[in-house]
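Peer 1: Let me see the structure of the following:
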Amino acid sequence: MQKLMIVLAAVIAAAIGVASYQLWPTAEPEALVYQPPRAPAPFQLQSTESPDPINNQALKGQWTLLFTGYTFCPDICPTTMSDLKNALPNLQQHTDTPVKVWMISVDPKRDSMERLKEYTGYFGDAFVGIRAEHPQLFPFVRDLGLMYSVPEEGEENYLVNHSAAIILVNPDGNRIAIFNADHQAGEIPVVDMEQLKRDFAIIAG
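Peer 2: Numbers count the residues shown, from 1 in each chain. This next block holds a predicted model:
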């Protein structure tokens, strides 16, 4: 009987521990947090939100989640977009400032502004398509700490290898964190949205 009581006590303690973890997230984010936040290098890009080119000012006054993708992407991009769409209501609960998503197209050859607008619009008003030609795009993506591959000239049907990480920019327009994708054998490399939601609550709180 005494052994049974000990086992029951251990089970109850474990259950309380799990519940406590779910209700009170850890004080430190799991993501890589930039201390201090880093200002992006000056840029000029095209946006589905504006008829005119945008610059660094477009990142101010909102929380922005940035990631690289393209409309012909077969797996990572639509999965990430869907995951973020589902996560946004939760993220918005932790801030009075708008939360937006920038999908930075790494396929300017095929991703026109019209195509990007249609693609991002499918996921909601908080989603913004960003594009530029490679001479402007590559330095911008590299400055974020991300990467993508450029197809050979003349290629028509191709895949673009690109980072699956998500960058978080604060309302001052500075990079504050990066959420790296979880790479599992045989699985699509995507960011853990539960971790992102927990970390955002800590960072934005």
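Peer 1: So what pairs up with the spatially most central residue of the chain in the strands?
Peer 2: By C-alpha atoms, centre = their mean, the chain has its centre lying nearest to Ile166, at 3.2 Å. Beta-bridge partners recorded for Ile166 (DSSP bridges): Phe179.
Peer 1: I am assuming it contacts Met193, so please confirm or correct that.
Peer 2: No: here Ile166 does not reach Met193: they are 9.6 Å apart, not a contact under C-beta atoms under 8 Å. Where you see a C-beta, it was placed from the backbone N, CA and C, and this is true even at glycine.
Peer 1: Now for these two: what residues contact both?
Peer 2: Residues touching both Ile166 and Met193 (C-beta atoms under 8 Å, 6 or more residues apart in numbering): Leu84.
Peer 1: Let me see the mean pLDDT of stretch 100-110.
Peer 2: Averaging pLDDT along stretch 100-110 gives 98.
Peer 1: Low-confidence ranges, this protein, go.
Peer 2: Applying pLDDT under 70 to the chain picks out residues 1-27.
Peer 1: so Asp83, which of the three states?
Peer 2: Put simply, Asp83 is helix when judged by DSSP: H, G, I helix; E, B strand; the rest coil.
Peer 1: what about the helices in the protein?
Peer 2: For the chain, applying DSSP state H gives helices covering 2-23, 76-92, 113-121, 134-143, 193-204.
Peer 1: Would you mind listing the buried residues in stretch 147-164?
Peer 2: Buried positions in stretch 147-164, judged by neighbour count with 16 or more other C-beta atoms under 10 Å: 148, 150, 160, 162-164.
Peer 1: May I have that stretch exported as CSV, CA atoms only?
Peer 2: C-alpha atoms of stretch 147-164 as CSV (Å, rounded to 0.1, in the frame of the first residue of the first chain):
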residue,chain,number,x,y,z
MET,A,147,19.7,31.9,-48.0
TYR,A,148,18.2,30.8,-51.3
SER,A,149,19.4,29.2,-54.5
VAL,A,150,19.3,30.9,-57.9
PRO,A,151,18.2,28.7,-60.8
GLU,A,152,20.4,28.3,-63.9
GLU,A,153,19.7,30.7,-66.7
GLY,A,154,17.1,29.2,-69.0
GLU,A,155,15.6,26.8,-66.5
GLU,A,156,11.8,26.8,-66.6
ASN,A,157,10.6,24.1,-64.2
TYR,A,158,12.8,24.2,-61.1
LEU,A,159,12.7,24.2,-57.3
VAL,A,160,14.3,26.9,-55.2
ASN,A,161,16.2,25.8,-52.2
HIS,A,162,15.7,28.3,-49.4
SER,A,163,15.8,28.7,-45.6
ALA,A,164,12.8,27.5,-43.6
